[in-house]
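> Sequence plus the predicted model coming up.
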Amino acid sequence: MNSIKRYYDLGTFLKEHFPFKVQKLTLNAGFTCPNRDGFKGRGGCTYCNNQTFSPAFQRTPDRITTQLQKGTHFFAHKYPNMRYLAYFQSFSNTYAPLAVLKEKFEEALRFPGVVGLIIATRPDCVADDVLDYLGQLAKHTFILIEYGIESTSDQTLQRINRGHNYAEAVDAIKRSHDRGIMTGAHVIMGLPGEQQTEMIARAKQLSALPLTTLKLHQLQLIKGTRMAKQYQEEPFPLFSADDYIALVCEFLTHSRPDLVMDRFVSQSPKELLFTPGWGLKNYEFTAKVDQRLQQLDLYQGCRYTPLQ
């Protein structure tokens, strides 16, 4: 673990894998989601930004190569030796036939300077043939599949209209790991009906899975979403910045020491955010986490015990 950080951060992890600077480049490959196209449901999760369903948002994205050209141009002058991870982020990036996925992924890998793929998706739409293919790629390049779990509670997943249960997430992570693919998970903290004790216990649950990385972020209510409307009709607790910092620090103490903490917080655009607005940039929030861990002499895994 990094001797400066009191948790295993993404920067340290990437330095262990690459002898050069690497940067994620976010891509929109034009995929959709089974919870919005009618296969699982329509309208998406209750926290989904409905503006993303507008015709303007649904326009055909640029080719992968064009998006990468734009992304690398931003870094090229300041960091001429920078390498890149093509981050397929938008929607469910394994929700297509294998031939389509291969075309997109291999176009990215052919781009000069791209040294690996990060593929965000749902745990209920990753077929075995896709995992077999990615497992072969993982033998000679950096491949990380990032699964949107959001909660380990089936009751919560049903409440937010997620369209899958926790068992499906566990299955997808294990099937990926069995093929030698690094896996990540994404979890939202503070979803309606969940208690802080439940969120802290989640650290041990997730640590029991063969995960490489974990992303946390606080619940944010976005204008126009069903969840924002539910909040207006019947408010539920939302984190203050200080309370969420305390929760993150406690969560870390119960987390497996070798679990890479990719992110703790997310900031939605001000024009879309309904509440809460903390006025903190991501790096400012992280600095406050670092400060609290130092003050309390806490570190990742200091209270960790494996799940029995």
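The structure has been received and is ready for your questions.

> count of residues packed around residue 42?
As a burial measure, residue 42 scores 11 neighbours (other Cβ atoms under 10 Å). Where you see a C-beta, it was placed from the backbone N, CA and C, and this is true even at glycine.

> Name the SS class of the closest residue to it other than its chain neighbours, please.
For residue 42, the nearest residue in space outside its immediate sequence neighbours is residue 36; the separation is 6.1 Å by Cβ to Cβ, 6 or more residues apart in numbering. Recorded secondary structure, residue 36: coil (DSSP: H, G, I helix; E, B strand; the rest coil).

> so what's residue 36 up against?
Going by Cβ atoms under 8 Å, 6 or more residues apart in numbering, residue 36 touches 42, 43, 44, 48, 53.

> so which of those is the most crowded?
Going by other Cβ under 10 Å, residue 44 tops the contacts of residue 36 with 23 neighbours.

> From residue 282, how far out is the closest residue in space to it that isn't next to it in sequence?
Excluding the flanking residues, the one nearest residue 44 by Cβ to Cβ, 6+ apart is residue 36, at 4.6 Å. For residue 36, the distance to residue 282 equals 27 Å [Cβ to Cβ, to the nearest Å].

> With residue 252 instead?
17 Å.

> With neighbour numbers in mind, choose between the two.
In this view residue 252 and residue 282 are compared by other Cβ under 10 Å, and residue 252 has more residues nearby, 26 against 13.

> Would you mind confirming that that one makes contact with residue 296?
No: counting by Cβ atoms under 8 Å, residue 296 is not a contact partner of residue 252; they are 10.9 Å apart.

> name the element residue 289 belongs to?
According to DSSP states H and E, residue 289 maps onto helix 282-296.

> Just read off the phi/psi values of residue 173.
Main-chain dihedrals, residue 173, degrees, to the nearest 10: phi -60, psi -40.

> I'd like to know how many residues surround it.
Counted with other Cβ under 10 Å, the neighbours of residue 173 add up to 24.

> ok, now which ones touch it?
Residue 173 sits in contact with 123, 147, 183, 185, 209, 210, 211, where contact means Cβ under 8 Å, 6+ apart.

> likewise residue 10?
By Cβ under 8 Å, 6+ apart, the neighbours of residue 10 are 213, 260, 261, 262, 263.

> partners of the residue nearest in space to the middle of the chain in the sheet?
In the chain, the residue lying closest to the centroid (Cα atoms, centre = their mean) is residue 186, at 3.9 Å. Beta-bridge pairing for residue 186 (DSSP bridges): residue 148, residue 215.

> Identify each buried residue in stretch 14-24, please.
14, 22, 23 (16 or more other Cβ atoms under 10 Å).

> Contacts for that stretch next, please.
So stretch 14-24 is in contact with 75, 79, 81, 82, 83, 84, 85, 87, 115, 116, 118, 142, going by Cβ under 8 Å, 6+ apart.

> What number of neighbouring residues does the fourth one come out with?
Translated: residue 82. Residue 82 is flanked by 15 other residues according to other Cβ under 10 Å.

> do the second one as well
By other Cβ under 10 Å, the residues close to residue 79 number 13.

> And the closest residue to it other than its chain neighbours, how far from residue 304?
Using Cβ to Cβ, 6+ apart and skipping the chain neighbours, the partner closest in space to residue 79 is residue 21 (6.1 Å). Relative to residue 304, residue 21 is positioned 31 Å away (Cβ to Cβ).

> Buried among the contacts of stretch 14-24? Need that as a selection in PyMOL.
Filtering the contacts of stretch 14-24 down to the buried ones (16+ other Cβ under 10 Å) takes a single PyMOL command:
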select buried, resi 75+83+84+85+87+116+118+142
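
> Now tabulate the contacts of stretch 14-24 in CSV and tack on distance to residue 291.
CSV is the format used below for the contacts of stretch 14-24 (distance: Cβ to Cβ, whole Å):
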residue, distance to residue 291
75, 29
79, 29
81, 33
82, 30
83, 32
84, 32
85, 29
87, 29
115, 33
116, 32
118, 29
142, 32
